[in-house]
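# sequence first, then the predicted structure, then my questions.
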Amino acid sequence: MVPSGPGPNLPGLASSMRRLSWFAALVLVTALPQLSRAQQPALPSAPSPQLPAQTAPGANSGSLAGFIVDTDGDSIGAARITLTRTGQPPPGNSPAPATTSTSDGRFTFPSVPSGPFNISVAAAGFAPQQITGELQPGEDRELPDIVLLSGSTTNIQVTASQEDIAQAQVQEEVKQHVLGFIPNFYVSYVSDPIPLSPRQKTELGFRTMVDPMSFVLNGAAAGIEQATNIYAWGQGAQGYGKRYAAAYGTLLTSTLIGNIALPIVFKQDPRYYYKGTGSVPSRAFYAIANAVVCKGDNHHWQLDYSGFLGSIAASGIADAYYPAVNRAGAGLIFEGTAIGTGLAAVQNLIQEFIVRRLTPHLPPPPPANP
């Protein structure tokens, strides 16, 4: 039981611990029985990443994947997809790589060399279409849905911009709900997603703040604080209202500052990039390291200034509206930020090893790079 008498508290840290504990509890309670019955698949062997990331010799290839649909969004199976590298003939004048979409419209090209590419799509009863773009070294690209128009004579060429691809990735991320209802928007299951524009960083943050489960989980946390009489706000409806407003206010400030404003200023990506391949120790190291580093919009690893400064700012603001007897002061705010970094490492470990298998409707995992 948490005492309610005078003494320093860490409102920002308490909010982070509250959200992490709810998230971890809901995930683990459901995951453990399933994991104990499930046969664990063998993890593919892949070299451990080094931070900051560097392209190793022979690791320039990536993959391309996507779906073929019609104008109503229905899948098109048996479509013929041909891949060529723009301006470069296939090695040894061999035929260009080609594949056929599955019944759900899915296609995949593994081990694609980096550089400009051209995808041609043809299907009976539909006009052919071409998609062009550029694949970065080691990138596993999930293309936006390729829409075919009815007809047989029109040749349509479409070039997807980087912002269009990033927007398609954001639209997939806001559909991610652990167990079907817990929001999990700040995780990318594309190994090297397109950097977010300022508008997209703002959109992702606001979708988190207004998700119905954000209100529900903050309400539950305020109820627990009421039951344990934490913070000197008394009991009754008025006390619960203040606790709820403080909990949700901390979510708002931490999201606005740490996930929107500062990532825009420092040009950093607030998302966690799921690794999913390699040995267990390498994945664990990667998850823990991501508590202190992040990807910049330039695709390079760097210290997570946005996360550190956002945590300090949100905790300082929260400290101002909590009861005077429960305020932490500057020293404990910095101490709480350090503890919060450790909690972030734990959350990343949960993301890396548990959460994916509990999140429905995700695309297949990316293939391991050779």
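Perfect, thanks for sending it.
# in the sheet, who's paired with the most centrally placed residue in the chain?
Residue closest to the mean C-alpha point of the chain, counted by Cα atoms, centre = their mean, is Val187 at 1.4 Å. In this entry, Val187 is beta-bridged to Tyr272, by DSSP bridges.
# doesn't Lys275 make contact with it?
No: the pair Val187 / Lys275 is not scored as a contact, 11.1 Å apart, by Cβ atoms under 8 Å. Quick note: C-beta positions are derived from backbone N, CA and C, even for glycine.
# contacting residues for Gly105?
Contact partners of Gly105, counting by Cβ atoms under 8 Å, 6 or more residues apart in numbering, are 67-69, 75-77, 79.
# SS state for Phe107?
Local secondary structure at Phe107 is given as strand here, using DSSP: H, G, I helix; E, B strand; the rest coil.
# what bridges to it?
Here Phe107 shows beta-bridge partners Gly66, assigned using DSSP bridges.
# just the helices in the protein please.
Using DSSP state H, the helices of the chain run over 11-37, 162-173, 198-209, 212-227, 236-254, 262-266, 280-289, 305-321, 330-353.
# mean pLDDT and mean neighbour count added to these, as JSON lines?
Shown next, in JSON lines, are the helices of the chain (pLDDT from 0 to 100; neighbours: other Cβ atoms under 10 Å):
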{"stretch": "helix 11-37", "mean pLDDT": "45", "mean neighbour count": "17"}
{"stretch": "helix 162-173", "mean pLDDT": "84", "mean neighbour count": "17"}
{"stretch": "helix 198-209", "mean pLDDT": "93", "mean neighbour count": "18"}
{"stretch": "helix 212-227", "mean pLDDT": "92", "mean neighbour count": "17"}
{"stretch": "helix 236-254", "mean pLDDT": "92", "mean neighbour count": "18"}
{"stretch": "helix 262-266", "mean pLDDT": "96", "mean neighbour count": "19"}
{"stretch": "helix 280-289", "mean pLDDT": "95", "mean neighbour count": "16"}
{"stretch": "helix 305-321", "mean pLDDT": "88", "mean neighbour count": "20"}
{"stretch": "helix 330-353", "mean pLDDT": "87", "mean neighbour count": "17"}
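# nearest to Ala123, of those helices?
The closest of those to Ala123 is helix 162-173. By Cβ to Cβ, the value is 21.0 Å.
# who are the packing partners of the closest one?
Helix 162-173 is packed against strand 140-142, strand 187-188, helix 198-209, with contacts defined by 3 or more Cβ pairs under 8 Å, 6 or more residues apart in numbering; DSSP states H and E.
# if we go to 6 Å?
Contact analysis of helix 162-173 by 3 or more Cβ pairs under 6 Å, 6 or more residues apart in numbering; DSSP states H and E lists helix 198-209 as its packing neighbours.
# what sits up against the helix it packs on?
Helix 198-209 has contacts (Cβ atoms under 6 Å, 6 or more residues apart in numbering) with 166, 170, 174, 185, 252, 255, 259-260, 263-264.
# at 10 Å what do you get?
Residues outside helix 198-209 that contact it (Cβ atoms under 10 Å, 6 or more residues apart in numbering): 163, 166-167, 169-171, 173-174, 183-186, 194-197, 214-215, 248, 251-252, 254-265, 267-271, 297, 306.
# the inter-axis angle of it versus helix 212-227?
The directions of helix 198-209 and helix 212-227 differ by 50 degrees, with axes from the mean of the first three to the mean of the last three Cα atoms, to 10 degrees as the criterion.
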